[in-house]
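Participant: need coordinates for the below:
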Amino acid sequence: MDITLLGNPNTGKTSLFNHLTGSYEYVGNWSGVTVEKKVGLFKNKKDRLIDLPGIYTLSPLSKDEGVVTSFFLHEKVDKLLNILDASQLKRNLHLTIQILEFGKPVVIGLNMIDVAKKRGIEIDIEKLSELLCVKINPVIARSGKGCDGLANSITSKKVSNTRDDLIDYGNIIEEVMGQFRTMLQDKTHLSIRWLTLQLLEGNQYVKDYLSDLLGENNTTALLNQAEKRIVEHDHVQTSQQYIYQKRQEFIETILLQTTEKIDHGRVPLTEKIDRIVTNRILGIPIFLFFMYLMFMLTFDWLGFPLSDLLNGFFAGPLTTGMEWILSLLGVSTFIHDLIINGIVAGVGGVLVFVPQIFILFFFISLLEDSGYMARVALVMDKVMDSVGLNGKAFIPMIIGFGCNVPGIMAARTIETPKERLLTTLLTPLMSCSARLPLYALFVGAFFQNNKAFIVLSLYVLGVVMALILAKVFSKTMLKGESSLFVIELPPYRIPQGKTLWKSTWEKGKGFIRKAGTFILAGSVLIWLLAYMGPSGLQVDMNHSFLAYIGGLFAPLFAPIGFGTWQAASSLITGFLAKESIISTMNIIYFTPDEASLQGFLTTQFTPLAAYSFMVFILLYIPCLATTATIYKETGSKKWTAFAMGYALLLAYLLCLVIYQGGRLLGLG
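Facilitator: Down below sits the predicted model:
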């Protein structure tokens, strides 16, 4: 069977998916984590579970909500698993009613019953099940409690079709349903009741679907006629308002019979913390403090000692062992140099920064799973609103700190096309983890006493540039309606060790995977270009093809502090993957270990030029994977080219100001 998992954002949907399927999907304590469907097998290895984006309604407002409606209209649905937040029943039940009206068998997982009890909410689950005419299983998705029972309920063949007529919407809507039932006879397998209600709620996807079956004129005429009758008869502004009111009345009736709120007279801990961290004055400084602390742990206190140990292994035992094996095998000088000077130097030079990457991802996961990141979006709302966006746009940007690709995909949760496009174009300015190895290399060489502060300045600079450009773009070529900011603020939770480890590993393994694919292939190519030249093989590197290519672009970079062919060559490979810059430098400036490379860099760059170089890496063209994602999300070659072009121009102009301004001030 194909079983579809649905629920509001932040109800624990992805955690439940992981427990039911035994797989791991990214879990974040904020909305927008699932932006497209994910498919897994139940532990019985027979039935499929399809995790759809978290939504508040089946009548879509944003692109990710449209994924759900399209799925309902065009994909196979055998059963529906609806997850509810027991502490937020009133809001969650609006979606539940729409799901029940779809007419397929439904089972409800009532999650966060522990949170509800802490808030003094008592729920009569049996009575709720009776009134909704559906099986309800209480669960705690974070810990997995009750998940096996829920899996048995939803995969059981005994689950029957649910009642889709729990609410009496009145004679007018019933008559419209009758008209559609006659017109759609044998033309669709979907519930006529659900289609009619969704049409009257303003669901454009359903309107297009019915227009294809009945003709646009017939559908529009019937809709307009029904809308007019409902407005005149029930004294409402729209049929959508009328349907909402009817559902609200039904939900209020159910809650009166099934829930009881016990007031303990205590202010919840979540509210106490929120008074501080979401304070309009203290909110942003607190966020910056957490970021600074995270970078201190990543670069000063934990990261570099671990990185030095790993570097010692690559430079010592691994290189020595490889040379011994190659000598034993009697390989040619060409193969020996390719493996030692190309692959080991290129790939190993990137892998030594794995500790910093994993430490950073661990603390990002910690902030996400605790519930703090959703507060950051709330704190940033006022700032974002002033530049033509809203706080929700900051969530894709924060996700972009890990990787720009899922950050751009998370922009689907934004309702208005203008804000969605703006966020897609600006998210690549966020400093992703792929840039981190280069920061680590340069701050270790030039900024020993201020490593965390320098890296934090780069992250902040990316955000500031994104905000400035958002203001410029929204006032010029991307004018349009702004949306209201609505975000779910989940309760604070103590992150679970297993979840933290899985989240950190899922984020970090992509870095290792790239080292074995993109970086490996790039290292071989770079080494070959450095090994060969117009005069033949094994040439002096200054006369190689790589030097010739880099030399073509080097004069362009001289005004911003790094006009050497070596720096230019590194930047060219950075388009494939930003980590490739490090592997290219390791091959070009081949040295026994990281410390020697850092020492050699001090002869090639000044501290001012080094900072300019890092700023350029931060802002210049997105990597290949990010560029492909921009094209996929926008569907436009024009906007993809624009995203690459403006970023390159911005990087050059800002570095010109930094480098030349710094020289005027006597900084380097």
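Participant: mind giving me the domain ranges of this protein?
Facilitator: Residue ranges of the domains in the chain are recorded as 2-155, 171-261, 285-484+507-664, according to automatic domain parsing.
Participant: buried sites along stretch 619-632?
Facilitator: Buried residues in stretch 619-632, counting neighbours by 16 or more other CB atoms under 10 Å, are found at 619, 620, 621, 622, 623, 625, 626, 627, 629, 630. All C-beta atoms are positioned from the backbone trio N, CA, C, and that covers glycine.
Participant: residue 647: what's it in contact with?
Facilitator: Counting by CB atoms under 8 Å, 6 or more residues apart in numbering, residue 647 makes contact with 428, 429, 619, 620, 621, 622.
Participant: in helices only, show me the residues you listed.
Facilitator: Mapping the contacts of residue 647 onto helices (DSSP state H) picks out residue 619.
Participant: hmm, which two among the contacts of residue 647 are most spread apart?
Facilitator: 429 and 621 (11.3 Å; CB to CB).
Participant: returning to what we had before: tabulate the buried residues of stretch 619-632 (JSON lines), appending distance to residue 418 and pLDDT.
Facilitator: Below are those laid out as JSON lines (distance: CB to CB, whole Å; pLDDT from 0 to 100):
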{"residue": "619", "distance to residue 418": "23", "pLDDT": "95"}
{"residue": "620", "distance to residue 418": "26", "pLDDT": "93"}
{"residue": "621", "distance to residue 418": "24", "pLDDT": "91"}
{"residue": "622", "distance to residue 418": "21", "pLDDT": "92"}
{"residue": "623", "distance to residue 418": "26", "pLDDT": "90"}
{"residue": "625", "distance to residue 418": "25", "pLDDT": "88"}
{"residue": "626", "distance to residue 418": "21", "pLDDT": "92"}
{"residue": "627", "distance to residue 418": "22", "pLDDT": "93"}
{"residue": "629", "distance to residue 418": "19", "pLDDT": "90"}
{"residue": "630", "distance to residue 418": "16", "pLDDT": "94"}
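Participant: want to throw those residues into JSON lines with distance to residue 450?
Facilitator: Output for the buried residues of stretch 619-632, formatted as JSON lines (distance: CB to CB, whole Å):
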{"residue": "619", "distance to residue 450": "21"}
{"residue": "620", "distance to residue 450": "24"}
{"residue": "621", "distance to residue 450": "28"}
{"residue": "622", "distance to residue 450": "28"}
{"residue": "623", "distance to residue 450": "28"}
{"residue": "625", "distance to residue 450": "32"}
{"residue": "626", "distance to residue 450": "29"}
{"residue": "627", "distance to residue 450": "33"}
{"residue": "629", "distance to residue 450": "34"}
{"residue": "630", "distance to residue 450": "34"}
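Participant: for residue 67, state which of those is nearest.
Facilitator: For the buried residues of stretch 619-632, the residue nearest residue 67 by CB to CB is residue 629; the value is 16.3 Å.
Participant: helix or strand for the closest one, which one?
Facilitator: helix 624-634 (DSSP states H and E).
Participant: run through who's touching that helix.
Facilitator: Helix 624-634 is contacted by residues 404-405, 408-409, 411-412, 421, 424-425, 428, 575-577, 621-622, 637, 639-640, 643-644 when judged by CB under 8 Å, 6+ apart.
Participant: of the residues you listed, buried ones?
Facilitator: Using 16+ other CB under 10 Å as the burial test, the contacts of helix 624-634 include 404-405, 408-409, 411-412, 421, 424-425, 428, 575-577, 621-622, 639-640, 643-644 as buried.
Participant: tell me which of the residues you listed fall in helices.
Facilitator: Counted as lying in helices by DSSP H, out of those, are 404, 405, 408, 409, 421, 424, 425, 639, 640, 643, 644.
Participant: out of the residues you listed, what pair is the most spread apart?
Facilitator: Farthest apart among those by CB to CB are 409 and 644. That separation is 18.3 Å.
Participant: what does the pLDDT read for residue 605?
Facilitator: pLDDT for residue 605: 92.
Participant: now the strands for the stretch 251-400 of the chain?
Facilitator: In the stretch 251-400 of the chain, the strands defined using DSSP state E, counting those that start in this stretch lie at 259-261.
Participant: where do the helices sit along it?
Facilitator: 269-277, 283-295, 303-313, 319-329, 333-337, 345-351, 354-370, 372-386, 394-400 (DSSP state H, counting those that start in this stretch).
Participant: please apply the same query to the stretch 551-668 of the chain.
Facilitator: 565-573, 580-588, 594-604, 607-619, 624-634, 637-664.
Participant: wait, which of those is closest to residue 308?
Facilitator: So among the helices of the stretch 551-668 of the chain, helix 594-604 is nearest, using CB to CB, at 7.6 Å.
Participant: just the residues contacting that closest one, thanks.
Facilitator: Residues from elsewhere that reach helix 594-604 (CB under 8 Å, 6+ apart): 307-308, 311, 315, 349, 352, 441-442, 444-446, 564, 566-567, 585-586, 589, 591, 610.
Participant: using the three-state scheme, assign residue 241.
Facilitator: helix (DSSP: H, G, I helix; E, B strand; the rest coil).
Participant: so what pLDDT did it get?
Facilitator: 90.
Participant: over to the one 10 residues further on?
Facilitator: We note a pLDDT of 95 for residue 251 in this prediction.
Participant: what of residue 102?
Facilitator: 92.
Participant: and it, how far from residue 162?
Facilitator: 9 Å (CB to CB, to the nearest Å).
Participant: and if you look at residue 390?
Facilitator: Distance from residue 390 to residue 162, counting by CB to CB: 36 Å.
Participant: tell me where the model's unsure across the chain.
Facilitator: The model of the chain has pLDDT under 70 over residues 24-36, 160-161, 264-265, 480-488, 590-595, 668.
Participant: before we move on, which element is residue 44 in?
Facilitator: Using DSSP H and E, no helix or strand contains residue 44.
Participant: contacts only, for it.
Facilitator: Counting by CB under 8 Å, 6+ apart, residue 44 touches 151, 155.
Participant: so what's the residue count around the closest residue to residue 345 other than its chain neighbours?
Facilitator: Counting by CB to CB, 6 or more residues apart in numbering, residue 586 is the residue found nearest to residue 345 once chain neighbours are left out, at 4.5 Å. When neighbours are counted by other CB atoms under 10 Å, residue 586 registers 26.
Participant: and if you look at residue 132?
Facilitator: For residue 132, using other CB under 10 Å, the count is 21.
Participant: for it, give me phi and psi.
Facilitator: Residue 132 has phi and psi values of phi -90, psi -10 when expressed as degrees, to the nearest 10.
Participant: hmm, it is touching residue 101, no?
Facilitator: No. Residue 132 lies out of contact with residue 101 (CB atoms under 8 Å); the separation is 11.8 Å.
Participant: so how many other residues sit close to residue 99?
Facilitator: The tally of other residues near residue 99 (other CB under 10 Å) stands at 23.
Participant: quickly find the element holding it.
Facilitator: Applying DSSP H and E, one finds residue 99 within helix 89-101.
Participant: tell me how far the next helix or strand after that helix is from the chain's mean position?
Facilitator: Once helix 89-101 ends, the next helix or strand along the chain (criterion: DSSP H and E) is strand 106-111. Put simply, strand 106-111 sits 26 Å off its chain's centre (CA atoms, centre = their mean, to the nearest Å).
Participant: buried residues of the next helix or strand after strand 106-111, list them for me.
Facilitator: Downstream of strand 106-111, the first helix or strand assigned by DSSP H and E is helix 113-118. Using 16+ other CB under 10 Å as the test for burial, helix 113-118 gives 113, 115, 116, 118.
Participant: send me stretch 392-409 as CSV with only the CA atoms.
Facilitator: Listed next in CSV are the C-alpha coordinates belonging to stretch 392-409 (Å, rounded to 0.1, in the frame of the first residue of the first chain):
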residue,chain,number,x,y,z
LYS,A,392,10.3,33.2,7.0
ALA,A,393,12.9,34.0,4.2
PHE,A,394,15.6,33.9,6.9
ILE,A,395,15.1,30.2,7.4
PRO,A,396,16.3,29.1,3.9
MET,A,397,19.3,31.5,4.5
ILE,A,398,20.1,29.8,7.8
ILE,A,399,19.8,26.4,6.2
GLY,A,400,22.2,27.8,3.6
PHE,A,401,24.9,28.0,6.2
GLY,A,402,25.1,24.2,5.9
CYS,A,403,24.6,24.0,2.2
ASN,A,404,23.1,26.4,-0.3
VAL,A,405,21.2,23.7,-2.2
PRO,A,406,18.7,22.7,0.5
GLY,A,407,18.5,26.4,1.5
ILE,A,408,17.3,27.3,-1.9
MET,A,409,14.8,24.4,-2.0
